[in-house]
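> pasting the structure only:
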């Protein structure tokens, strides 16, 4: 450990997520102040925590030092929550202390204009000089639930923390980060690593993707991106996406900075259009909204292995025609999805009032048992590449009173067939939806969004196949 | 940066094996005997971006009307080159598409494919990829667009894929920083570039 030396900057930032000791610089004793809430968030950290503030001896039962240089132990990560002007001198002290990673939560940098931009250049060069890798400024920092590490100033009673999971999050915006985090928390999907990198004065998407590529806990990376500045990000992304999934939503739809002065191509080169094409080409799934991000994340997370076998064919099983008409319309508008033909042999496993076609309409008389037989029948007669969409009208008495009876059939078939349930309604339906999900069956409320998300996920599955085999 | 006019752009494309319609620059000595009528009469200069909108093109001109069309274009665009080009017959089995290249700050050279013709910027039915592309990328670009469905219907998918791969290759190896090909007529067998503008890096 270098106590007063100049550190080496780490090429791979994965170790940033595994500090043994953390110092909060600008810790505060006043509840609801940022420097207080960060320290409070870190009370669950399975490592040593130190507070830095010359005005206190102790905050929240944690010993407080006037400077990081006074801490009689090595520090792996510091979280800086000082006013912008005070950040450079604090960062120099971190450098002298040999700290490798700094999360700068403070705002007041590039985002406020020239004065802030100058300050930001200053901290970037301090970081370079001492070999400190910096997250931020203007961000909510990082998280790793495995070791109870959260640098957030969002209190736990305002923002639920996700359990351990296989999803990592990389976000330019802290706000979008909060939304995704709580989605991962209340769905129980869970979190592997989280980075909100704000102004990205040092660590950017390239560093994060390159590090998480080697993180065994990360299977899916979710990103909110406003702009890329580092061309190397594409090759890192392609490597990442060969074996894992990356789902990206983009904010900011401006014109692409191009050479084009006077051409059709230049006029059409809206930032988002070029971004979408290039990211898909390098293995990312580009979604159009946070809702679509949640949907595609759910699909990939529930069917991480089965999705690889998906062939774009769908069988709809339903007890209500209208919902299925909408689903069929969406499939017709999709790029890569289509309805599978249903096997005539299915007749014997269906009630006589059922209509043998796709959508397979079990009609309003259908019970949970009828659904179960139809699901088993479709799963048995189709190859593993076909997906089943269950359009359930739980408001209908026969199904609403007996939905439990289809669960074991679904669970059994989910080993071989992707089953995506769709239901929407009021308190009762929402309750059943939660029960389904608790039993491990994903339920979606919007069939249009479900099809659109599935189409985009499948597009990516095709990309992965081509990368592996060289064939479409 | 050097902007090539339509004639020079097409010469470059032609030299790299792309098909362009037969044309002749109009002057007092030009030989129209080998040109099949009707023709398109065009004014070409780097200042004209949108021939149709700016009135820099007459289509389906018969032999008797050529001189009148030329006179009108020369008057309206005194600095442009006026030339005559054979009309390409299009039918239900062909499609007008747009193909482009541009250089972006972060991603470098990118290729564009989409619905072409005079409404290209109104429909905005286009897709981009970073150069170089592979055949999967080219197919995905077609699938990205609405006109992609028509490309498939008329059986022109392989023809478009081949064309996009060749443009990607050309842009990668020649110092092209920008290219506008609109329209390109695709059918199941061939691709013909009807209008072209290329900017070279020098």
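Yep, that arrived. All figures in this text were calculated on a predicted structure; none of them were measured in a lab.
> Next one: the residue of chain B found nearest chain A from residue B:8, what distance?
In chain B, no residue comes nearer to chain A than residue B:100, which is 2.9 Å away by C-beta to the nearest C-beta. For every residue, glycine as well, the C-beta is placed using N, CA and C. Applying C-beta to C-beta, to the nearest Å, the value for residue B:100 to residue B:8 is 17 Å.
> Then residue A:414?
For residue A:414, the distance to residue B:8 - C-beta to C-beta - is 62 Å.
> before we move on, back to that, what about residue B:100 and residue B:8, which has more around it?
residue B:100 (29 against 18; other C-beta atoms under 10 Å in any protein chain shown).
> Assign a three-state SS to the more buried one, would you?
When classified by DSSP: H, G, I helix; E, B strand; the rest coil, residue B:100 comes out as strand.
> I'd guessed it sits against residue B:180; true?
Yes: if you go by C-beta atoms under 8 Å, residue B:100 and residue B:180 touch, sitting 5.3 Å apart.
> Name the residues contacting each of these two.
When contacts are counted by C-beta atoms under 8 Å, 6 or more residues apart in numbering or on different chains, residue B:100 and residue B:180 have A:263-265 as shared neighbours.
> what's the burial count for residue A:235?
Residues near residue A:235, counting by other C-beta under 10 Å: 13.
> immediately after whichever helix or strand it is part of, which helix or strand?
In this assignment (DSSP states H and E), residue A:235 forms part of helix A:233-243. Beyond helix A:233-243 on the C-terminal side, the first helix or strand identified by DSSP H and E is strand A:245-250.
> List the residues that contact the residue of chain B closest to chain A.
A:263-265, A:268, B:111-112, B:178-182.
> try residue A:149
Contacts of residue A:149 (C-beta under 8 Å, 6+ apart): A:17, A:19, A:22, A:42, A:45-47, A:142-143.
> what bridges to it?
Assessed by DSSP bridges, residue A:149 has beta-bridge partners residue A:144.
> Distance check, it against chain B.
32 Å (C-beta to the nearest C-beta, to the nearest Å).
> What of residue A:200?
14 Å.
> and that residue, that one's in a helix?
No: counting by three-state DSSP, residue A:200 is not found in a helix; it is coil.
> and it, how many neighbours?
24.
> To what extent is residue A:201 buried, counted in neighbours?
24.
> hang on, it packs against residue A:111?
No: at 11.1 Å, residue A:201 does not count as touching residue A:111 under the criterion of C-beta under 8 Å.
> if we can go back for a sec, which one of the contacts of residue A:149 sits closest to residue A:421?
residue A:143 (30.5 Å; C-beta to C-beta).
> contacting residues for the closest one?
A:149-152, A:161, A:181, A:191, A:193-194.
> One more pass at 6 Å, please.
When contacts are counted by C-beta atoms under 6 Å, 6 or more residues apart in numbering or on different chains, residue A:143 touches A:149-150, A:194.
> continuing past the one helix or strand residue A:370 maps to, what's the next helix or strand?
Per DSSP H and E, residue A:370 falls inside helix A:368-381. Once helix A:368-381 ends, the next helix or strand along the chain (criterion: DSSP H and E) is strand A:387-391.
> what lines up beside that following strand in the sheet?
Applying DSSP bridges, one finds strand A:387-391 paired with strand A:313-318 (parallel), strand A:418-422 (parallel).
> what's the domain layout of chain B?
Chain B resolves into domains spanning B:22-86, B:95-200 when parsed by automatic domain parsing.
> Reformat the ones you listed as a markdown table; add distance to residue A:358 and mean pLDDT.
Shown next, in a markdown table, are those (distance: least, C-beta to C-beta, whole Å; pLDDT from 0 to 100):
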| stretch | distance to residue A:358 | mean pLDDT |
| --- | --- | --- |
| domain B:22-86 | 46 | 90 |
| domain B:95-200 | 21 | 95 |
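> from memory residue B:118 sits against residue B:52, does it?
Yes: contact criterion C-beta atoms under 6 Å: residue B:118 and residue B:52 qualify, at 4.5 Å.
> Quick check: the gap between the residue nearest to residue A:108 when sequence neighbours are not counted and chain B.
Nearest non-adjacent residue to residue A:108, counting by C-beta to C-beta, 6 or more residues apart in numbering or on different chains: residue A:84, 3.2 Å away. Residue A:84 sits 28 Å away from chain B, taking C-beta to the nearest C-beta as the criterion.
> what residue ranges in chain A are flagged as low confidence?
Low-confidence segments of chain A, defined by pLDDT under 70: A:1-11, A:254-262.
> What is the burial count for the residue of it found nearest chain B?
Of all residues in chain A, residue A:265 sits closest to chain B, at 2.9 Å by C-beta to the nearest C-beta. If you count neighbours by other C-beta under 10 Å, residue A:265 ends up with 26.
> relative to its centroid, which residue of chain A is most remote?
Distance from the centre of chain A peaks at residue A:352, with 44.5 Å (C-alpha atoms, centre = their mean).
> before we move on, which element is that residue in?
Using DSSP H and E, no helix or strand contains residue A:352.
> And chain B, is stretch A:338-347 touching that?
No: if you take C-beta under 6 Å from any C-beta of the partner chain as the test, stretch A:338-347 misses chain B, and the best it gets is 13.0 Å.
> Show me the contact partners of that stretch.
Contacts for stretch A:338-347 (C-beta under 6 Å, 6+ apart): A:313-315, A:356, A:358, A:377, A:381, A:386.
> Nearest residue to residue B:157 in space, ignoring adjacent ones along the chain?
Per C-beta to C-beta, 6+ apart, closest to residue B:157 is residue B:151, 5.6 Å.
> actually residue B:60, not the one I typed
residue B:38 (4.6 Å).
> For residue B:114, grab phi and psi.
phi 180, psi -170 (degrees, to the nearest 10).
> so what's it up against?
B:98, B:125-126, B:145.
> Out of those residues, grab the one that's most surrounded.
residue B:126 leads these on contacts (other C-beta under 10 Å) with 28 neighbours.
> quick one: that residue and residue A:268 touch, right?
Yes: between residue B:126 and residue A:268 there is a contact under C-beta under 6 Å: 5.1 Å.
> Helices of chain B, start to end?
Per DSSP state H, chain B carries helices over the ranges B:6-15, B:51-54, B:66-76, B:120-123, B:135-144, B:147-153, B:157-173.
> Can you check what angle separates the longest one from helix B:135-144?
Compare the direction of helix B:157-173 with that of helix B:135-144 by axes from the mean of the first three to the mean of the last three C-alpha atoms, to 10 degrees and you get 120 degrees.
> what comes up buried for helix B:157-173?
Neighbour-count burial for helix B:157-173, counted by 16 or more other C-beta atoms under 10 Å in any protein chain shown, picks out B:157, B:159-161, B:163-165, B:167-168, B:170-171.
> Just the residues contacting it, thanks.
By C-beta under 6 Å, 6+ apart, helix B:157-173 touches B:16, B:99, B:101, B:109, B:111, B:113, B:131-133, B:135, B:138, B:142, B:151, B:186, B:191.
> buried subset of the residues you listed?
B:99, B:101, B:109, B:111, B:113, B:131, B:133, B:135, B:138, B:142, B:151, B:186, B:191.
> farthest pair in these?
Farthest pair in the buried ones among the contacts of helix B:157-173, by C-beta to C-beta: B:109 and B:151, 23.2 Å.
> Flag every residue of chain B that's near chain A.
So chain B meets chain A at B:49, B:100, B:102-107, B:110, B:112, B:120-121, B:126-130, B:136-137, B:143, B:177-178, B:180, B:182 (C-beta under 6 Å from any C-beta).
> and with 7 Å instead?
With C-beta under 7 Å from any C-beta of the partner chain as the criterion, chain B meets chain A at residues B:49, B:98, B:100-108, B:110, B:112, B:120-121, B:124, B:126-130, B:136-137, B:139-140, B:143, B:177-178, B:180, B:182, B:197.
> From those residues, list the buried ones, please.
Buried among those (16+ other C-beta under 10 Å): B:49, B:98, B:100-104, B:106-107, B:110, B:112, B:120, B:126-130, B:136-137, B:139-140, B:143, B:177-178, B:180, B:182, B:197.
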